[in-house]
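In: sequence? don't have it. structure:
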């Protein structure tokens with residue numbers, strides 16, 4: 001019984017380390033999160049502007065849409081077998097949203 005418990009503990013530790021190692025701060029997945037978040041924000045802003053929403057409320061709405069979709073995606077990942085919720089993905093989403101907001105405020109006339 002003790003051997004089975006030790007083997008189980010060792011397997012859990014190895015699996016936990018590989019799961020953490022797969023979610024690195026830098027990688028293709030993080031770049032995708034950054035640019036997709038900025039893109040969603042830009043499209044949302046354009047749609048709101050086309051609906052005659054003023055600049056600041058449109059930007060705030062676009063930020064909210066992009067952030068909500070990023071969180072929804074991570075919740076979906078958490079509920080999908082083989083995936084996990086990643087705060088690092090959310091951090092890259094936030095960086096993309098921030099960069100998109102800067103871009104939009106500097107290109108808006």
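Out: Sure thing, it's come through. All values derive from a computational prediction rather than experimental measurement.

In: Can you point out the buried residues in the biggest helix by length in the chain?
Out: Using DSSP state H to define each element, the chain has its longest helix at helix 55-79. Buried residues in helix 55-79, defined by neighbour count with 16 or more other C-beta atoms under 10 Å: 58, 59, 61, 62, 63, 65, 66, 67, 69, 70, 73, 74. (Glycine included, C-beta is placed from N, CA and C.)

In: Could you do stretch 95-104 as well?
Out: Neighbour counts over stretch 95-104 (16+ other C-beta under 10 Å) mark 96, 97, 100, 101, 104 as buried.

In: pLDDT score assigned to the residue lying closest to residue 89 once chain neighbours are set aside?
Out: Leaving aside its sequence neighbours, residue 89 sits nearest to residue 33 (C-beta to C-beta, 6 or more residues apart in numbering; 5.1 Å). Residue 33 carries a pLDDT value of 96.

In: Next, the angle from the helix or strand containing residue 33 to helix 55-79.
Out: Following DSSP states H and E, the helix or strand that holds residue 33 is helix 28-50. For helix 28-50 against helix 55-79, the angle by axes from the mean of the first three to the mean of the last three C-alpha atoms, to 10 degrees is 140 degrees.

In: Residue 83 in helix, strand or coil?
Out: With DSSP: H, G, I helix; E, B strand; the rest coil as the basis, residue 83 sits in coil.
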